[in-house]
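Asker: starting from these lines, generate the structure:
(one chain, ligands or ions: 1)
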Amino acid sequence: MEKITFSNMAQLIATESEAYEYTESLRWPDKPVCPHCGVIGDHYYLKPSNGVSRATTRGSVSERRVWKCKDCRKQFSVTTGTIFHGSKVSLRIWLFVFFEMCANKNGLAAREISRKYGVAPKTAWFMTQRIREAMKSRGGSMSGNIVADETYIGGKPENWHANDPRRSEFGNTTARKTAVVAPISSETDEIRTKPVTTVSGPNIRRFITENIAFNTSTLHTDSAGVYRTVGKEMTAHHVVNHHLGQYVTEFSDGTNKAENFFSQLKRSISGTHHNISPEHLNRYLAEFSFRHGTHFLSDTERMVKLMGQVAGIRLSYRPLTTGA
Ligand SMILES: [Zn+2]
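Answerer: Below is the predicted model of the structure:
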């Protein structure tokens, strides 16, 4: 496949109809797949009478490329049942935003999309949330050498003066922040992330159980007590003791991988996204985890990979705005 850059994509998808064709080439490299019944290739293209567009039932003109399944007789397009489905935003703009979110290390702020593409701020935010939803991990259990660490995101009470009255209100400076746990595969850099209300042994064990195959994995952590129990259940548990100035062991580079991920995440949150409310943090984590775990891919390969994850996600506006 030709290397995707912003400028050659702009040339390739000068019209909405071309944006559909382009998405078809990414999602269906061989033949169209009917989203209704799953049949591959047994479809015919419903060519509009003027070649490019047709009137919609709402009276507007659409360049959406429509296919009809010979098997189930239903119509579909490349956006049916995907995160792009039912949006008033043109597929062209979706693709530009999609590409930028795949390629930008710091992500893309909704206000930037709104300014650049002329969509309403709320719409821009909704687009980013849908794309993040597609970025959520589709993988099964990870195994091998797993580095795990936790950090705290949100609020900046540590910047408050010692006598700041807000301190007494919130007490412990970590209490106002959201904890994030992140196990990372040393071999593949695949990463799973989750916000947790409390960093406790049982909470961490639960998350690690859901994501790591115990009997084929070795855990690498710092000396935090919360990993002790779960570490015993795995093939081995290697600990670096930061209090003793130890950062690497003969077995691994300690928790460096997790710390690098966290520092990139925090830089981007403060630089690009500013404040992220705790109820939406999981989607931002999915975004950063997706890019981190695919950093060895080219932007083109990453975009193709994400195109493979756009279907089957139902995300209406309402649950998003209520934080569900
Ligand atoms: Zn069908």
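
Asker: enumerate the residues of the protein near the ion.
Answerer: 34, 36-37, 39, 69, 71-72 (CB under 5 Å from the ion). Just so you know, the C-beta spots here come from the backbone N, C-alpha and C atoms, and that holds for glycine as well.

Asker: of the residues you listed, just the buried ones, PyMOL syntax please.
Answerer: Buried members of these, defined by 16 or more other CB atoms under 10 Å, are picked up in PyMOL with:
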select buried, resi 34+69
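
Asker: how close does Val310 sit to the ion?
Answerer: As judged by CB to the ion, to the nearest Å, Val310 and the ion stand 19 Å apart.

Asker: just checking, that residue touches Arg27?
Answerer: Yes. In this structure, Val310 is within contact of Arg27 by CB atoms under 8 Å, at 7.5 Å.

Asker: quick one: which of these two has more around it?
Answerer: Shown here are Val310 and Arg27; by other CB atoms under 10 Å, Val310 has more neighbours (24 against 17).

Asker: residues touching that one, list them.
Answerer: When contacts are counted by CB atoms under 8 Å, 6 or more residues apart in numbering, Val310 touches 27, 82-84, 134.

Asker: quick one: the closest residue to Tyr227 other than its chain neighbours and the ion, what's the gap?
Answerer: Ranked by CB to CB, 6 or more residues apart in numbering and with sequence neighbours excluded, the top spatial neighbour of Tyr227 is Thr221, at 4.2 Å. Shown here: Thr221 relative to the ion, a distance of 49 Å by CB to the ion.

Asker: so Thr221, which of the three states?
Answerer: Here Thr221 is recorded as strand under DSSP: H, G, I helix; E, B strand; the rest coil.

Asker: next up, the contacts around it.
Answerer: 147-149, 227, 231, 237-240, 255.

Asker: give me the buried subset of the residues you listed.
Answerer: 147-149, 227, 231, 237-240, 255.

Asker: export these to TSV and tack on secondary structure?
Answerer: TSV is the format used below for the buried ones among the contacts of Thr221 (three-state DSSP):
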residue	secondary structure
Val147	strand
Ala148	strand
Asp149	strand
Tyr227	helix
Gly231	helix
His237	strand
His238	strand
Val239	strand
Val240	strand
Thr255	coil
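
Asker: as TSV, these with distance to Glu18 would be great.
Answerer: Formatted as TSV, those follow (distance: CB to CB, whole Å):
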residue	distance to Glu18
Val147	44
Ala148	45
Asp149	45
Tyr227	52
Gly231	54
His237	54
His238	53
Val239	55
Val240	53
Thr255	47
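
Asker: where's the dip in pLDDT among the residues you listed?
Answerer: Within the set of those, pLDDT is lowest for Thr255 (81).

Asker: for Gly41, see how far away that residue is.
Answerer: Separation of Thr255 from Gly41 (CB to CB, to the nearest Å) stands at 48 Å.

Asker: now the strands: where do they sit in the stretch 1-150 of the chain?
Answerer: Per DSSP state E, counting those that start in this stretch, the stretch 1-150 of the chain carries strands over the ranges 43-45, 54-55, 61-62, 67-69, 75-76, 142-153.

Asker: and these, which is most packed in?
Answerer: Among the strands of the stretch 1-150 of the chain, ranked by average contacts under mean count of other CB atoms under 10 Å, first place goes to strand 142-153 (a mean of 21).

Asker: quick one: distance of it to the chain centre.
Answerer: 17 Å (CA atoms, centre = their mean, to the nearest Å).

Asker: just stretch 70-80 next, same as before
Answerer: 28 Å.

Asker: which residues does it contact?
Answerer: By CB under 8 Å, 6+ apart, stretch 70-80 touches 20, 23-24, 27-28, 32, 34-37, 39, 42-44, 46, 64-69, 85, 91.

Asker: from those residues, which land in helices?
Answerer: Mapping these onto helices (DSSP state H) picks out 20, 23-24, 27, 91.

Asker: the residues you listed: which two are farthest apart?
Answerer: Arg27 and Leu91 (11.7 Å; CB to CB).

Asker: lowest confidence element among the helices and strands of the chain?
Answerer: helix 165-170 (a mean of 50; mean pLDDT, DSSP states H and E).
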